[in-house]
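Trainee: 3D, please:
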Amino acid sequence: APFGVLLFAVDRAVRRLPDVLTLPLAGAAVVLLGGAALIGGAGSWTRAVLGGIALGAAYFVLFFINPAGMGFGDVKLALVLGVALGWYGWDVLFTGSFAGLLLGAGYAVTMLAARRVGRKTGIAFGPFMIVGAFAGLVAGGLAAG
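Mentor: Predicted coordinates for the structure are as follows:
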């Protein structure tokens with residue numbers, strides 16, 4: 001969560017997700033959740049790793065299709081969020097990633113309609129990914145409870 005807040009603030013301020021934060025965070029998420037799995041954590045480490053690969057690959061495809069529209073920092077952040085969301089289940093992964101896309105799209109459409117941005121204007125997408133992941137975790141917790 002603290003790294004999420006930091007990444008949110010950095011991306012919002014400078015529209016960049018620095019490697020110095022995203023790459024170590026991806027490795028740390030895999031290692032820490034692996035440790036949690038070894039001591040009997042409630043999630044699935046295998047699913048977490050697969051979730052990170054799946055979400056990272058999906059964002060890589062978006063980046064590959066339109067590099068000007070999606071930054072590579074978002075791809076690396078997707079790895080981290082995919083691992084964290086995947087730990088809790090495929091439904092949480094889907095909900096969190098879809099919520100981020102929906103929030104980002106809603107913001108972009110609203111800003112376009114208000115004529116505050118143009119079609120080619122860059123928008124920091126990391127904050128929407130992070131808020132969406134949080135929403136997925138909350139929704140997953142409510143569904144489990």
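Trainee: please state the offset of stretch 115-127 from the chain centre?
Mentor: Chain-centre distance of stretch 115-127: 18 Å, with CA atoms, centre = their mean, to the nearest Å.
Trainee: check stretch 25-36 too.
Mentor: Counting by CA atoms, centre = their mean, stretch 25-36 comes out at 16 Å from the chain centroid.
Trainee: pLDDT on it, on average?
Mentor: In this model, stretch 25-36 has a mean pLDDT of 94.
Trainee: try stretch 111-123
Mentor: For stretch 111-123, the per-residue pLDDT averages 88.
Trainee: contacting residues around it?
Mentor: 15, 68, 104, 107, 108 (CB atoms under 8 Å, 6 or more residues apart in numbering). The C-beta positions use only the backbone N, C-alpha and C, and glycine is treated the same way.
Trainee: would you map the strands across this protein?
Mentor: Counting by DSSP state E, the chain yields no residue ranges for strands.
Trainee: return the distance of stretch 40-51 from the chain's centre.
Mentor: Averaged over its C-alpha atoms, stretch 40-51 has a centre that lies 17 Å from its chain's centre (CA atoms, centre = their mean).
Trainee: and it, what's buried?
Mentor: For stretch 40-51, the buried set under the neighbour-count rule, 16 or more other CB atoms under 10 Å, comprises 43, 44, 45, 47, 48, 49, 50, 51.
Trainee: same question for stretch 107-120.
Mentor: 107, 108.
Trainee: which residues of the protein score low on pLDDT?
Mentor: Screening the chain residue by residue with the criterion pLDDT under 70, one finds the ranges 145.
Trainee: the residue of it positioned farthest from its centre and residue 142, how far apart?
Mentor: When each C-alpha in the chain is compared with the mean C-alpha position (CA atoms, centre = their mean), residue 115 comes out farthest, at 27.3 Å. Distance of residue 115 to residue 142, given as CB to CB, to the nearest Å: 37 Å.
Trainee: likewise for residue 59?
Mentor: For residue 59 relative to residue 142 (CB to CB), the value is 26 Å.
Trainee: thanks a lot, catch you later.
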